[in-house]
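> Predicted model and sequence below, questions to follow.
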Amino acid sequence: LQSGPTNTPPLFSEDTKNAAPWPLSQAANGLEMLSRSINTGLSMSSWTERQRGFIVPPMITEVVGKRFGFDLNLMHAKNYVGTRVCLIGDAAHTIHPMAGQGLNLGMADAECLVRNIQRSVQSGMGIRDKAGLQYALQQYESERQREVVAVMAGLQFLHTVFGTTFSPAIHVRSVGMNMINSLGPLRRKLVKVASGFDGVFEKND
């Protein structure tokens, strides 16, 4: 790639290195080489851990249907529940449409709501009684707000990190992403969260 997150730019511009004293210029070159070596080593270690190389994704040949634009909005309701009222999905939270996470959060909301109502019924409290229903709704709100806020914070962090053009920050970002990629358990946990199979704090059955 000529540009993008996989391309690590120089830490310092050529003009800056040329204008610096020779020892500082050599130190800058050394730092750039060290950063690239670390990234390469981490990438190779992750390939070894997975025992296979990089798989080229399929090429997009055409776009079927119309193209749509989505506003980069980030909103979160202070309360998800009221008296016999419950907000789920985009009614409770909206995020930047990144990798379908808004859909995953909405589906997890519905699953959590059903699970807590079911628990209330099975425990004998039921949902006809106001206390039983409100308990189920409050449990839903507590569980989902914790998960949703964590995911929203993570997505906002990624949006900020990948939006920077500051060269040292890009080097740190590249090393950090490669470190995560080389740590199998952490990488697999993040994949499960992103794909909706697990929550940040809750592990789905």
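Sure, I can see it. Numbering: from 1, shown residues only.

> Distance check, the nearest residue to N18 once chain neighbours are set aside against R146.
In space, not counting the residues next to it along the chain, N18 is nearest to S25; the distance is 7.2 Å by CB to CB, 6 or more residues apart in numbering. (C-beta placed from N, C-alpha, C; glycine too.) According to CB to CB, to the nearest Å, S25 stands 50 Å off from R146.

> Tell me which of those two has more neighbours.
S25 (16 against 13; other CB atoms under 10 Å).

> thought the more buried one was touching S13?
No: counting by CB atoms under 8 Å, S13 is not a contact partner of S25; they are 11.7 Å apart.

> Now do the helices for the protein: every range, in order, please.
According to DSSP state H, the chain carries its helices in the segments 14-19, 22-50, 101-122, 130-161, 167-182, 184-195.

> Kindly provide the whole-number mean pLDDT of the shortest one.
Per-residue pLDDT values over helix 14-19 give a mean of 72.

> mind saving the C-alpha coords of that helix as PDB?
What follows is helix 14-19, C-alpha atoms only, in PDB (Å, rounded to 0.1, in the frame of the first residue of the first chain):
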ATOM      1  CA  GLU A  14      14.400  14.500   5.300                       C
ATOM      2  CA  ASP A  15      14.800  18.300   5.700                       C
ATOM      3  CA  THR A  16      14.800  17.900   9.500                       C
ATOM      4  CA  LYS A  17      17.400  15.100   9.400                       C
ATOM      5  CA  ASN A  18      19.600  17.000   6.900                       C
ATOM      6  CA  ALA A  19      19.500  20.200   9.000                       C
END
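
> counting contacts, what elements does it pack onto?
helix 22-50 (3 or more CB pairs under 8 Å, 6 or more residues apart in numbering; DSSP states H and E).

> could you give the mean pLDDT of the helix it packs on?
In the prediction, helix 22-50 has an average pLDDT of 64.

> just stretch 124-138 next, same as before
In this model, stretch 124-138 has a mean pLDDT of 86.

> what's the answer for stretch 144-160, then?
Averaged across stretch 144-160, pLDDT comes to 89.

> Tell me which residues are up against that stretch.
Under the contact criterion CB atoms under 8 Å, 6 or more residues apart in numbering, stretch 144-160 has outside partners 74, 76, 80, 92-93, 95-96, 98, 101, 105, 108-109, 112, 193, 199-202.
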